[in-house]
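Trainee: here is the input, now give the coordinates:
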Amino acid sequence: MTIGVLVYTIALLASGWVAGKISDRTGRRKFLVAGSTLLFGLGTVLLAHVTTVSQFYFVEALMGLAFGIYVGVDLALVVDVLPNPDDSGKDLGVFNMANALPQTVAPAIGAVLLAVSSANNQNYTLLLYTAGAAALVGALVVLPIKKVR
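Mentor: Residues are numbered from 1 along each chain as shown. Purely as a prediction, here's the structure:
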């Protein structure tokens with residue numbers, strides 16, 4: 001696990017920096033946020049099929065890459081679509097609450113998903129596929145944003 005976290009973190013740091021630079025130079029944010037979310041969803045689904053340590057490290061690198069891109073660009077996208085610069089503090093507070101709510105509810109939903117058709121609460125395949133589907137929905141939600149490229 002320690003090596004997996006290290007691989008994830010290195011990929012996250014490198015890709016976040018590169019994605020931020022690309023986003024700032026091109027002014028394009030939506031495709032980076034949507035693409036990274038799709039890539040993270042793919043990684044989540046791939047975790048359900050990992051059978052070797054090498055595969056696990058590869059998926060960790062993929063997910064670190066995806067999350068790094070997301071972290072490096074998402075807040076810039078959010079700031080770009082704020083409706084009123086004079087209320088940006090309030091709007092970012094609402095954004096923070098919108099981020100925190102799923103993190104609060106997800107453990108309860110995860111527990112239910114783990115228990116579905118499993119006597120010992122080990123249905124990780126359903127959990128990972130559901131998380132991947134949620135990432136797909138998250139990527140699609142970004143696409144209709146009109147104010148930014």
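
Trainee: which SS state does the residue of the chain positioned farthest from its centre fall under?
Mentor: Most distant residue from the mean C-alpha position of the chain: Ala119, 30.0 Å away (CA atoms, centre = their mean). Of the three states, Ala119 takes coil under DSSP: H, G, I helix; E, B strand; the rest coil.

Trainee: show me what counts as buried in stretch 110-127.
Mentor: Under the neighbour-count criterion of 16 or more other CB atoms under 10 Å, stretch 110-127 has 113, 123, 126-127 buried. Bear in mind the C-beta positions are built from the backbone N, C-alpha and C, glycine included.

Trainee: low-confidence stretches in this protein?
Mentor: Along the chain, segments meeting pLDDT under 70 span 149.

Trainee: name the helices or strands packed onto whatever helix or strand Gly35 lives in?
Mentor: According to DSSP states H and E, Gly35 maps onto helix 30-47. Judged by 3 or more CB pairs under 8 Å, 6 or more residues apart in numbering; DSSP states H and E, helix 30-47 is in contact with helix 2-26, helix 53-80, helix 124-142.

Trainee: would you mind listing the buried residues in that helix?
Mentor: 30, 32-47.

Trainee: again with stretch 49-61
Mentor: Buried residues in stretch 49-61, defined by neighbour count with 16+ other CB under 10 Å: 56-57, 59-61.

Trainee: I figured Asp74 was touching Val33, is that so?
Mentor: Yes - using CB atoms under 8 Å, Asp74 is in contact with Val33, at 5.4 Å.

Trainee: count of neighbours near Val141?
Mentor: For Val141, the neighbour count with other CB atoms under 10 Å is 12.

Trainee: measure it to Val71 for me?
Mentor: Applying CB to CB, to the nearest Å, the value for Val141 to Val71 is 18 Å.

Trainee: now do Val5
Mentor: Going from Val5 to Val71 by CB to CB gives 16 Å.

Trainee: show me which of the two is the more surrounded one.
Mentor: Neighbours per residue (other CB under 10 Å) separate Val5 from Val71, with Val71 holding more: 16 against 11.
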